[in-house]
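Colleague: structure of the sequence below:
(one chain, ligands or ions: 1)
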Amino acid sequence: MIRDLHNKLIGKEITATQLAEQYFDVIEEKDGEIGAYLTLTRELALAQAKLVDEKIAQGEEINLLAGIPGAIKDLILVEGVRATAGSKILDNYVAPYDATVIRKLKENGAIILGKTNQDEFAMGSSTETSAYQLTKNPVDTTRVPGGSSGGSAAAVAAGEAVWSLGTDTGGSIRQPASFCGVVGLKPTYGRVSRFGAMAMASSLDQIGPFTKTVEDAAIVLSALAGQDPLDATSAQSGDKKYEDFLTGDIAGKIIGVPKEYVENLEGEILEIFQKSVEKFKTLGAKIETISLPHSQYALPVYYILMTSEVSSNLAKFDGIKFGLRISELENELKANQESELGRNENLPKSSKNLLETYLDTRKIGFGDEIKRRIMLGTYALSAGYYDAYYLKAQKVRALIRRDFEKAYEKVDLIYCPTSPEVAFKFGEKSEDPIKMYLSDIFTISVNLAGLPAISFPIGRVVKEGNPPAGGLPVGGQLIGQWFDEEGILNAAHTFEINQ
Ligand code: GLN
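Modeller: Reported below is the predicted structural model:
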């Protein structure tokens, strides 16, 4: 899709400005219902498009992504544009600088249409924890788009953007890609700079693209990837054009299917998955059953480590530096009243007000899921529990990583479904956190181990659970060795072009 649009741009069949306008028309027509976008950046988009059009007019060569319109998950900073991360606490926050990925996209000439809805601070699997709006799954608007990057997945699925960016801490790119029937790529930890993306859990977070095709995901990754002095965890992995590795040939590749994952499957999803395994065989791959014995601990380990990092990362939202500050005035009034009544005379007024400002801002600014996680994380890190929970979880994380190291001694790639389920209905899980957490059972180990993984459409559920006409999308997940994005992209691409 990106390549076709690029050819139209350089063939002067369409200008970048017209293309951007076309996408704003689609957004205008559809987004009232879908709710993918929180903010539109029309001025920025048209200014970027104009630059690309000038280049084309002057006969300059343009990059593949130049002039191609996309959307950005709200927690990624775009200079001068509101960035709420789906939270009331950042309701009035405007980003003071560009995230590294945004700087790179701009340098590539990519067009930014707007910022997309998400679960609050990326915590959730349905985008229902956003403080602003629901995002509907374009395949069936009675269902969630997945999460936390639900707005980005829905924007691409609805044709309201060619590509979009999400972040993936435990599945937030792959699971919504699977639910909306698009491609979602979580790069290796360190492949893409996290500078300028609001951190949820810094040892797990990674930025990656949503697209309609695997080739498009490769093209966007080429723009995003690379070492960045502003992110100490970004790796020196060298610049590559990932799209050049899509040979369409996977003959002889050994693909491991983890038995622990398949045991959890049933019904039509199992059938679709088995069919896809057969297809990999007909494409020349060798399938082997493997074991990832510590998989059962991934979810509890994730919910200890992630919440610990969340409790630390979100401490900065205290009403002083960023965004919302709750009723200083009221607090001052209250303090004055109290001192008039002769109370608190000996307390320094300002420090009392500061504490109340912290407490009130966080009480009113954060939603329930955020508070739940901050409390869990603070508990896990507290003296006396640190060894029993945090340290123990770090040790089990090492075992989970070792499972993958062992598996990759025998196989080139690992393959499983992205999620044990298809898109569910609004409200179906939002009252039961554990049910919601289980949605990411197949994606979380990948983040704990820091591996790259891609979700791509492998079929649709057409019978079970009252699906809409055309069915509900199921995603397959290919997990690669560290820094082997080429391998998973090529295998998914080969699958896709042989539909
Ligand atoms: N759904 C998972 C969670 O709620 C993953 C979120 C993410 O990857 N940002 O933590």
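
Colleague: can you find the helix or strand of the protein with the lowest average pLDDT?
Modeller: The weakest-scoring helix or strand in the chain, judged by mean pLDDT, DSSP states H and E, is helix 328-340 (a mean of 55).

Colleague: and the next element down the chain from it?
Modeller: Later in the chain than helix 328-340, the nearest helix or strand by DSSP states H and E is helix 349-365.

Colleague: can you list the buried residues in that following helix?
Modeller: N353, L354, E356, T357, Y358, D360, T361, R362, G365 (16 or more other C-beta atoms under 10 Å). Quick note: C-beta positions are derived from backbone N, CA and C, even for glycine.

Colleague: also stretch 303-320?
Modeller: 303-314, 317-319.

Colleague: just how off-centre is it within its chain?
Modeller: 18 Å (C-alpha atoms, centre = their mean, to the nearest Å).

Colleague: what's the answer for stretch 455-470, then?
Modeller: 22 Å.

Colleague: stretch 262-282 too?
Modeller: Per C-alpha atoms, centre = their mean, the centroid offset for stretch 262-282 relative to its chain is 25 Å.

Colleague: buried sites along it?
Modeller: Neighbour-count burial for stretch 262-282 [16+ other C-beta under 10 Å]: L265, E268, I269, I272, F273, S276, V277, K279, F280.

Colleague: residues in contact with it?
Modeller: Stretch 262-282 is contacted by residues 250, 255, 257, 287, 415-417, 420-422, 441-442, 458-464, 474, 476, 491, 495, 498 when judged by C-beta atoms under 8 Å, 6 or more residues apart in numbering.

Colleague: skip ahead from the helix or strand harbouring I255 and say which helix or strand is next.
Modeller: I255 belongs to strand 254-258 when assigned by DSSP H and E. Using DSSP H and E, the helix or strand that follows strand 254-258 towards the C-terminus is helix 259-262.

Colleague: for that following helix, which positions count as buried?
Modeller: E260, Y261.

Colleague: and if you look at stretch 153-165?
Modeller: In stretch 153-165, counting by 16+ other C-beta under 10 Å, buried: A153, A154, A155, V156, A157, A158, E160, A161, V162, W163, S164, L165.

Colleague: thinking again about what came up before, could I get the average pLDDT for the strand holding I255?
Modeller: Across strand 254-258, the average pLDDT comes to 98.

Colleague: and it, what does it pack against?
Modeller: strand 286-290, strand 413-417 (3 or more C-beta pairs under 8 Å, 6 or more residues apart in numbering; DSSP states H and E).

Colleague: mind redoing it with 10 Å?
Modeller: Applying 3 or more C-beta pairs under 10 Å, 6 or more residues apart in numbering; DSSP states H and E, one finds that strand 254-258 makes contact with helix 267-282, strand 286-290, helix 392-407, strand 413-417, strand 472-479.

Colleague: how about Y386, what does it touch?
Modeller: Applying C-beta atoms under 10 Å, 6 or more residues apart in numbering to Y386 gives the contacts S308, A380, K392.

Colleague: which parts of this structure sit against the ligand?
Modeller: 122-125, 148, 168-172, 200, 306, 440 (C-beta under 6 Å from any ligand atom).

Colleague: closest residue of the stretch 351-499 of the chain to the ligand?
Modeller: Going by C-beta to the nearest ligand atom, the ligand is nearest to D440 of the stretch 351-499 of the chain, at 4.7 Å.

Colleague: ok, that residue touching G170?
Modeller: Yes: between D440 and G170 there is a contact at 5.0 Å, judged by C-beta atoms under 10 Å.

Colleague: please identify every residue contacting each of the two.
Modeller: Residues touching both D440 and G170 (C-beta under 10 Å, 6+ apart): S125, A298, L299, Y302, V446, N447.
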